[in-house]
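1. what shape does this take:
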Amino acid sequence: MKITPLPFIITLLSFITLFPVSGQENPDVHSFPFHMEYRWIVFRGLMNGVETDFVFDTGTSLGMANSLSGSQGRISTTGKTMKILDVNNEFKNADLGKTDLIQIGGFEFKNVISLINDMDLLYCMDAYLLGSDIIGQLNWEIDFDKEIIKVSKKPFATQDADLVFKIGYLDDRPFTGLQIENLAYDRLVLIDFGYTGVIDISIDHKTIPYFLAEKEKMGQANSFYRYASGALGSNSFPSTTILLDSIRLGQFYLPIIPVDFEEKTKSKIGVEFFKTLSTKTIINNSKATIAMDLRDQPEFEKSNGIAISFEEGKFLLKGKPNGLTAQDSLIDLDEEILSINGFKAADFKNKCQFLDWYISQRPFEIQLTKLDGTQLIFPRISLN
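-> Predicted coordinates:
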């Protein structure tokens, strides 16, 4: 499921104090496990002493709590609101809250201001979206193979063979430059660990339409209808995926990278990029660099292109391939579906139970049964 929490446009200044907890063998470095069951990096910490699942999201300026957090003592409302940009590029108001103390590993953050909003999956997980206002105050070593994170105030050592590139910051969020094949693309790209995909590029650039037209002529353009669920809503939209011969990041050229090109999007590099290409990624915010210990033979996960929503006790089709399979023309966007892999909507008591099950089904083969009994099978797609 493509889940894209959108970057928050306005950063509220807050005074945050950071210091290591005493009594540790090494007060400069702390480690803890994480998991990626929901395709995000998720680990445990404390909010006002209450155990909390944190979702690691460099793409947001501020963190975001859910409405359950108040009754559990994790956050208190301030009575103030902030305008944020939703998935349809519209501004909406979100409540603001304050947490007296957030603890991650051996480090503490005081008087943290956060948004309070119920994004579907975050609410179901009862999780807190950790933003760049806190992430940027530490250095992070993320070991994808061992599923261990290390955090430190001091930068982590990197190896000569690592892919190392510079980052800059806007509203606390990290950005970098990216060269797409031989395309003259001069926009900065957000490093967004809250985006579960690989790379997403906005087509709102003078060179992109010509580039896509050439790829279409060569039969290298893969068309989809994608589905994004963000902080304040959801949307379906056309997307073109290109299996690029190379991209340049820093001084390195990386071959065979799937990149999505879309109209209503912010250009970004997602967590699947780092997870697939590297065994370990180091974010040294104190040096404004990211280092990747590259895998010898990385292989990106194939998708079936199908996206389903659960609304008012019904399954609705929200995303699909477009002309890439023999069956994708036999079903329409927003069409109600009778069953998915043999399960009907009535088998799930609510959206949370459905999401927990549905994410585990992807990106494997999906069998849809239409209301008229027609069965459609969507396998994982090999990109052209």
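2. where in the stretch 1-150 of the chain is pLDDT low?
-> 1-27, 86-90 (pLDDT under 70).
3. those helices in it, which residues are they?
-> All helices of the stretch 1-150 of the chain, identified by DSSP state H, counting those that start in this stretch, fall at 68-71, 120-125, 132-135.
4. next one: the last one to chain centre, how far?
-> In other words, helix 132-135. Distance of helix 132-135 from the chain centroid (C-alpha atoms, centre = their mean, to the nearest Å) equals 15 Å.
5. surely K266 and I201 touch.
-> No: counting by C-beta atoms under 8 Å, K266 stays clear of I201, with 9.6 Å between them. Every residue, glycine included, has its C-beta placed from N, CA and C.
6. who has more neighbours, these two?
-> A direct count of neighbours by other C-beta atoms under 10 Å for K266 and I201 places I201 higher, at 25 against 20.
7. show me the contacts for that one.
-> Neighbour list for I201: I180, Y185, V189, I208, V259, D260, F261, E262, T265, S267 [criterion: C-beta atoms under 8 Å, 6 or more residues apart in numbering].
8. the fifth one: helix or strand, and which one exactly?
-> This points to V259. In this assignment (DSSP states H and E), V259 forms part of strand 252-262.
9. pLDDT on that strand, on average?
-> Averaging pLDDT along strand 252-262 yields 95.
10. show me which positions of that strand end up buried.
-> Buried residues in strand 252-262, counting neighbours by 16 or more other C-beta atoms under 10 Å, are found at L254, I257, P258, V259, D260, F261, E262.
11. for it, name the packing helices and strands.
-> On a contact count with 3 or more C-beta pairs under 8 Å, 6 or more residues apart in numbering; DSSP states H and E, strand 252-262 meets strand 163-166, strand 199-202, strand 233-249.
12. who does the next helix or strand after that strand touch, helix- and strand-wise?
-> As assigned by DSSP H and E, the chain's next helix or strand after strand 252-262 is strand 268-269. Contacts defined by 3+ C-beta pairs under 8 Å, 6+ apart place strand 268-269 against strand 189-191, strand 199-202.
13. now the ones you listed as a markdown table including distance to A127 and mean pLDDT?
-> A markdown table is the format used below for the helices and strands packed on strand 268-269 (distance: least, C-beta to C-beta, whole Å; pLDDT from 0 to 100):
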| stretch | distance to A127 | mean pLDDT |
| --- | --- | --- |
| strand 189-191 | 21 | 97 |
| strand 199-202 | 23 | 95 |
